[in-house]
Structures are given as structure tokens and as C-alpha cells.
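Engineer: Please find the sequence and the predicted model below.
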Amino acid sequence: MWRYVLWRFLQGLGVMFAVSLIGFAILHLAPGGPLAVYATTTYMRAEDMARLQHELGLDQPLPVQYLRWVTDLLHGNWGRSYRDGSPVLAAIGSRLPATVELMLVSLTLAVILGVAVGILGAVRKHSIFDYLATTGAMVALSVPTFWFALMVIYLFAEVMGVLPSGDIATIGRPFSLLDRVHHLVGPSAVLGLVLLAPWSRYTRSAMLEVLHEDYIRSARAKGLSEQLVLLRHAFRNVLIPLLILAGIQLPLLFGGALVTETVFSWPGMGRFFVDSLGYRDYPVIMGLLLSSTLLVVVGNLVADLLCALADPRIHIQ
Amino acid sequence: MRKMVGLAVLPLIVFLVIGYMSRATNGATPQKGGDVIVGLSQEPTVFHPLMPGIEVDRGVHMAVFDPLWRVDSRGNFVPDLATQIPSVENGGVAKDGLRFMFRLRKDAMWHDGKPFTAADVKFTYDLIMNANFKAATRSGYDQIASLSTPDQYTVVLTLKKPYAPMLALWSDTYIVPQHILSQVADINTNDFSKNPIGTGAFKFVERVPGDHITLEANRRYHGPGPYLDRVIFKYIPDLTVMFVRFKTGAIDVTGIQGITVDHYAEAKTVPGVKLYVEPTSFVEYIWFNNALAQFKDKAVRQALYLAMNKQDYVERVYYGVPRPAESFLAPASWAFNPNLPKHEYNVSKAKELLDQAGWKAGPDGIRQKDGVKLSFSNSTTAGNKVREQAQAFLQQGWKQIGVNMEIKNMPAAVVWGDYFYKSQFDSVMVGWNMPVAGDPNVLTWFHSGFIPVKTGQGSNTLQYSNPEVDKLLEEGVSTLDREKRKQIYQQVQSIIRDDLPFLTVFYYVVIEGTKEKLQNYQQNANVWSNMWNVNEWWWEK
């Protein structure tokens, strides 16, 4: 098994290298650069821009710039942000706690509730619950997150005043768990609902497939209670495709959710990535690209290994 | 009996006199206490005041650091770290304008307790001029031949030739500590950029990346103030959300970019807030590339101005909020020319002008002359909804006179890169303020020697060239007498208004709001950020 893991790891390295090359090329070939943000800094003249361009090494040919970046990377130096000069890893790391907090809570909510709704919908197929759940899922998938989040703020913060209008905590006050939870309610509810929909649909169809299998009929014929049939036989088999989905969604945990973060002023990775793109903060963008590629590789590997564990039919060669 | 009356009246008189004398000039005494939360839709990240930064960064610099003197909303200099503004009258400025001398306060202190001295001023200048230092700009400072400090609290500047904006230059130069920065291993990357130490009214406490920045009052500030306990800059990326939070009272001040025009009507109905709508010195321009065949002809530029319905533009696209402009200088500038001819909206006159100049309509309805079509592109930042509407508005209006304007928008990082600086554009829709710290010196904007694509320096991306203006600008920068300079710049404004190398649309009004009880918030068109007097803000209880 370890040979398999090693092989996958090597493949992963290859993927990361390819992604960094393509990403770097696209980033730099796109017109514009990190100095455009100073256009309205009127005391900075064209000659100041030219000087900064040189100081940042942006006047070098692209392959030279890429080679420099890779060499630095191999020495453990991920570079520094153009915006605040902080080391890229530290900048990414500083956004992680807030991101993981939001995503973990939202994903947990989404998975638990989504799977529950999906299973119930499959078991009670064509019941009122099933129709409501299906319609609800379609609505949650279609509603623009931006609008949904703004509505939540408008209703619960502005009109009713029961929820804060954003942020991770009340500014200027010392840490309080209750305060943090209070601020988490809005964004995690919005994000959780949006993520719940696909989980419920996926679970429902996976469950329906499993319920039509022969071994379910045999289990029922054996005389097992419906509960045992569902829990011991059906659910364990539904788990496999769900595990794959979970593995694929792992990068979300650290990737954040741009729109929710923007509307709720949540200092997460999604917002960080888009801000960095807007400012053309090349070192940070490359760092984010690399770390998310790593997560995708790891996520897929974890999903595959878990599946192998859960399904005795799968052998790793 | 009379003695008794006299005895009673005397304390009454004394009481009245004391009461009268102790009232502050704005009618009330500042009260201490309270925090202010400023909402910003861009995040400040550069805390070293001499490194390249944007407007929001400057807001932090103004709270944490001090300049030698500040410029107020009327364009007058007010001493800060210096004790007096040097002038020819008080002997601080030599008659030939080549020598400046001023004294510094003895009671100013760095946040770490060390005293502020002239060595810090010298260090600041040396650092800016240090070729290894990533300074934001050296222009202006390169006019200084030498800076010396005869004693701990005196500074002498010697110039190569007279440079009138020297005082304005230093009003936007924040002094950095010599005792800290001379000891660092790398002047560009060090702890100071993350934890700045200044002499300002507020000390830097912390930055939570992507979230907020906290500053706390410097109780040993040389004054006036600070009266607040803390200032917190909160990053709120979405402007609609910022407005909602302003309405609910979650933030006290709407910082950049203020309240959008489409929320203005609603903002006026919110209880317990004050709105500020003074024009800034930012002007919205239709900026032409004057080297382009279409724009070389003055008649074309004049016709475009005549065919632009400026009033409708401001009222329908911008809800009537900004003020129409004729000059590149704002009314707040001491050199402003109020007598420039007012814009006239006259479509038939525009058509006549073009006919007379030889621009005849082709088979497609677009005018042409000598093989050149009156067709050009106009670019601005993509995604700016209001500007996109304005562009559509212009396009329609100019179609009437046989001019074809194409809208060609791009992301900010693109349109304000080489495309702009190397004059690759046809025309752009842009807004900025030319004066630095309120000084009307616009040499690098209009002088023919400062066209970046030709000379590699300057801001004259218009590619405007007028020898008369060149001469006037050179005079304006080297004349010290304010009255003489005023006349020079008024003439410049007049000529440019006639030449129309660009069209001036309006003066930006950034609608800012604060809670009603916040006192002393003042918009100042002469400085870069309205945090300029944060040391004087206070809460009325």
C-alpha cells in the first residue's frame, strides 16, 4: 500500500509542477501588473513606476522570473507579498484559522443535514417530505449566494437586530466564545444551506441505487427490521461514493467561499485570493495556487484510501 | 449696601469672563473617551509611510506619524513637528528661495519613549534618497541639494534652484525614527513595516490580516488631542454591506469609498448620522491622447465638449451629487480660477464647428477628414457600473454629431498599466487630483518635457504640448510669492480651458457619513485622506 501512496505522491508532485508552470505563464501573460494600483497615487510618477518595476524584478524575461521563483521555492522560500511584504506562507497561514472555522462548521452542517435529508428522501420516495426536499434543494442551488447572504443580513441584522451584520467577532472586544458563535450563525447558515443541497441530492440518488440492489432484497427477505437493513447494509454502501465526494471537497476546507466571505466581511481565503488577484500579488497567488493543488492531490488520495478501507472489494496494487 | 452689591457682582464678572475664555473655538470643549470604527472597502497593508502605498494606507500613516506641518482644508499650513512655518517674512525662507530653516518641537516623542530630534528629519530625507530603499517617490526631494542639522532642533534645507512646492512636499512627508531604522539589517523588509513606531496621536497595536487594524491613543502626544481611546479600521469589502453596517450603527465612519451615489437619498433619511458632501480635489476627466490624429484638431475637442450634455450627465448618471468642473484645480485650492467660461451644451454649434473644420460625414454617418475617421475608443476600469453608464451616455450624445466612440473597458490592473502610462489609449475616463498637498504645481502633468512615452518621466500621458504653458509652469514652480503664483496658475487654467486637452466633467464628492455625535470630522480636499485630523476627533457624550 505504501508503494501506492508513494506513487500517488510522485504523481502529485508532477501535477503541482505543471500547475505552477501554467499558472505562472497565465498570470504574467495577462496584461497589467501589481503597479496599476498606484495609478491614483498621484505623487508617484512614471519614472517611479519604472523603478519599482525593476525593483520587483518584473522587467526580467518570464523564464528567468519563473526559474527564480522555483529556485527560491526549493529552498523553502515562498516569496513575499507585494502588498505588505509579509512572507507568503505566513500570509496564507494567517487567513487559515478563520477559513477553517467557517468551512468546517458549514461543511459539517451541510454533510450531516444533507445526508440525513438525502437518506430520508430516498427511503420516503415521492412523499411530501421528498418533494419538499427536492424543491428546497433546487432553490438552494439556484439562489445566488450573494443575494441570499444580503437578505440574511438585511432581515436578521438590520430589521430584527438579532444577528451581527458580519465579521468574525465584535471589533475591539476581548475574545468570547459566545460572541464568536453568534457571528458564525449567519455565514455558516448561508454557506451550509448552499452546500447542503448537492449533498442531499447526491445521497438520495446513491441511496436509491443501493436500495435496488439484490442484497437489500435478501436482507429484507431474511426478516431483518427495516432499520437494520438501512443502517447496516444500505448506509454502509452509500458511504463509499459519499467518501469520494468528501475527499474531493477537502480543498474547500482551506479554500474558503468568496461570496459569503465578501458579504459577511469574513477574513478568509476566498476573499484573500480574489484580492490578491486584483492587486496582481504574484507571489501570494502562486503560493495559493500551489497549496490548493497540494490539497486537491491529498484530498483525492485520502478519498481513495478511505474507499479502499471501507470497501473490501477494492485492492490497492 | 453698595459694597455688598460690588462684592456679589465681582465674582459674577470673573465667572463670566472665565466661562467666555474657556469655550473652544468650535463652541464646545472636546471630551475624552470612546472608540471610533472606520469602515474601509480596501485594506491598508503598507505601514511604512515612505514606501509605495495607496489612499487607505495614508489614513493609517496620518494617525501613527506626523509631518513637519500639515495643510488644512483652506490650503493653509499648520505647524506640527516644526514650531513655525518658514516664510520669507519670518526669515525661515531666504529671499532667493534657496535656503529654508525651521525649528522643531522639543516635546515630541516617539511611541517607544525616545525623543524626536532633527536627526530623525535628516534620516527621513536620507532614506528617501537612498538608492537601495524602495521609496514611493523621490520627486521634489531631488530638488534638495543638502539637508543639515546645525543643532538637535534645527533643520536647514538648501535647494539647487527655487522650488515653490517645497513646503507642500514636506506637509505630506511623515517623519520616521532614525534610532530604529538605522539599526535594521534590511531597510526594505523589517519589523518596522509591520509594527510602525511614529510620533503620532495613535500607536499601532495590531493588524489582523483581512480583518482590521487597531490603533490606541498615544497619551504622550504633543497635541492637540488625541481625545479618542482607540481607532479601529475595519475592512468591509462590499460597499452595500458597508452602508448597511453604517445604518445599523456597527461602524462610526464610512471611509473609502464612502456611500455610493445610489444610496445617497436613503442615507439622508438615516437618523443619528451626519453626512459630508464637500467637493474633493479629484476631478473626473475625459482624458484625450492628444497625439492621436482625431484629437490633434482643437475643433474636434471643442465640438466634443459642446455636444456633451454635462448637466444631464451629472444629474442622471450621478444623481446630481458631484459638482460640475471647468478647471483641473478645485474650488478649495488657493490658485483656483473662478472665472473660466462655463460649459455650453449646444449640439448645432458643435456640428457647425466640425463642418467648418472640414470633418464631413461619410457614408456611414461618421465624420472624416483626410482619411481619418472621427472614431475612437474610450476606456476605464471594467466593472465600474456608474462609469459604464456614463460612457453609454457620451456615446449616444456624440453619435448625434457624427462621432463614433467605442467603449473598451479592461480590469484596473490592465488599463492603468502600460496602456495608460505609455499613452497607448485613445481616450480614458478617469478621475484624480493633480495637486500634491494642495500645491497647484502641475508641471509634470502638462509640460511637454514630461510625456512618459517620449521622455520616460512625468504624468503628461495626454501628450499635451503648448510652449506658452511650458513657460508658465516653469515660472510657477520657481516663484515663491503666493500671489504671483496665483496669477500664473490662473493663466494656465485659462489657456488649458481654451485648449481642452481633456474635458473636465465634475469634482468628485465622496459622500461620507459619520455618527452625529462624532465631532471635528473635517473633509479636506487638500490632503489624501480624511484621517488627517483624527487627533482632534471626539465623541460628544
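Structural biologist: Structure's in. What do you need?
Engineer: Could you use CA atoms for every contact and neighbour count after this?
Structural biologist: OK.
Engineer: ok, for residue B:492, nearest residue in space, not its chain neighbours?
Structural biologist: residue B:469 (6.2 Å; CA to CA, 6 or more residues apart in numbering or on different chains).
Engineer: Mind telling me what element residue B:368 is part of?
Structural biologist: Residue B:368 belongs to strand B:367-369 when assigned by DSSP states H and E.
Engineer: Tell me which residues are up against the helix or strand that that strand is followed by.
Structural biologist: Where DSSP H and E defines the elements, the next helix or strand beyond strand B:367-369 is strand B:372-373. Strand B:372-373 has contacts (CA atoms under 8 Å, 6 or more residues apart in numbering or on different chains) with B:293-294, B:366-367.
Engineer: If we only consider those, which is nearest to chain A?
Structural biologist: residue B:293 (24.1 Å; CA to the nearest CA).
Engineer: And for the closest residue to residue B:489 other than its chain neighbours, the neighbour number?
Structural biologist: Take residue B:489 and drop its neighbours on the chain: the residue closest to it by CA to CA, 6+ apart is residue B:335, 6.3 Å away. Residue B:335 has 23 neighbouring residues, counting by other CA atoms under 10 Å in any protein chain shown.
Engineer: and what of residue A:310?
Structural biologist: Number of residues near residue A:310 (other CA under 10 Å) recorded here: 15.
Engineer: how about the nearest residue to it, chain neighbours excluded?
Structural biologist: Nearest one to residue A:310, counting by CA to CA, 6+ apart, is residue A:240 at 6.9 Å.
Engineer: and if you look at residue B:376?
Structural biologist: Per CA to CA, 6+ apart, closest to residue B:376 is residue B:405, 5.2 Å.
Engineer: That neighbour contacts residue B:366, doesn't it?
Structural biologist: No. Counting by CA atoms under 8 Å, residue B:405 stays clear of residue B:366, with 10.2 Å between them.
Engineer: Find residues that contact each of these two.
Structural biologist: Joint contacts of residue B:405 and residue B:366 (CA under 8 Å, 6+ apart) are residue B:375.
Engineer: With neighbour numbers in mind, choose between those two.
Structural biologist: The neighbour count for residue B:405 versus residue B:366, taken as other CA under 10 Å, is higher for residue B:405 (21 against 18).
Engineer: ok, the more buried one - contacts?
Structural biologist: By CA under 8 Å, 6+ apart, residue B:405 lies in contact with B:375-378, B:395, B:398-399.
Engineer: Going by distance to residue A:274, which of the residues you listed wins?
Structural biologist: Closest to residue A:274 out of the contacts of residue B:405 is residue B:378 (26.5 Å), distances taken as CA to CA.
Engineer: Test my guess that that closest one contacts residue B:427.
Structural biologist: Yes. The pair residue B:378 / residue B:427 is scored as a contact, 4.8 Å apart, by CA under 8 Å.
Engineer: So for these two, which sits in the more crowded spot?
Structural biologist: When residue B:378 and residue B:427 are compared for neighbours, residue B:427 comes out ahead with 27 against 20, by other CA under 10 Å.
Engineer: Quick check: next helix or strand after the helix or strand hosting residue A:120?
Structural biologist: Secondary structure from DSSP H and E places residue A:120 in helix A:88-123. As assigned by DSSP H and E, the chain's next helix or strand after helix A:88-123 is helix A:128-142.
Engineer: in the stretch 351-500 of chain B, what residue is nearest chain A?
Structural biologist: residue B:414 (3.7 Å).
Engineer: pLDDT score assigned to that residue?
Structural biologist: Model confidence at residue B:414, given as pLDDT, is 83.
Engineer: Not counting sequence-adjacent ones, nearest residue to it?
Structural biologist: Nearest to residue B:414 is residue A:32, by CA to CA, 6+ apart, at 3.7 Å.
Engineer: Doesn't the one you found belong to a strand?
Structural biologist: No. Going by DSSP: H, G, I helix; E, B strand; the rest coil, the assignment for residue A:32 is coil, not a strand.
Engineer: what's the neighbour count on it?
Structural biologist: 22.
Engineer: What of residue B:387?
Structural biologist: 18.
Engineer: Doesn't it belong to a strand?
Structural biologist: No. Judged by three-state DSSP, residue B:387 forms no part of a strand; its state is helix.
Engineer: quick one, what contacts the residue nearest to residue A:310?
Structural biologist: Contact analysis of residue A:240 by CA under 8 Å, 6+ apart lists A:307, A:310-311.
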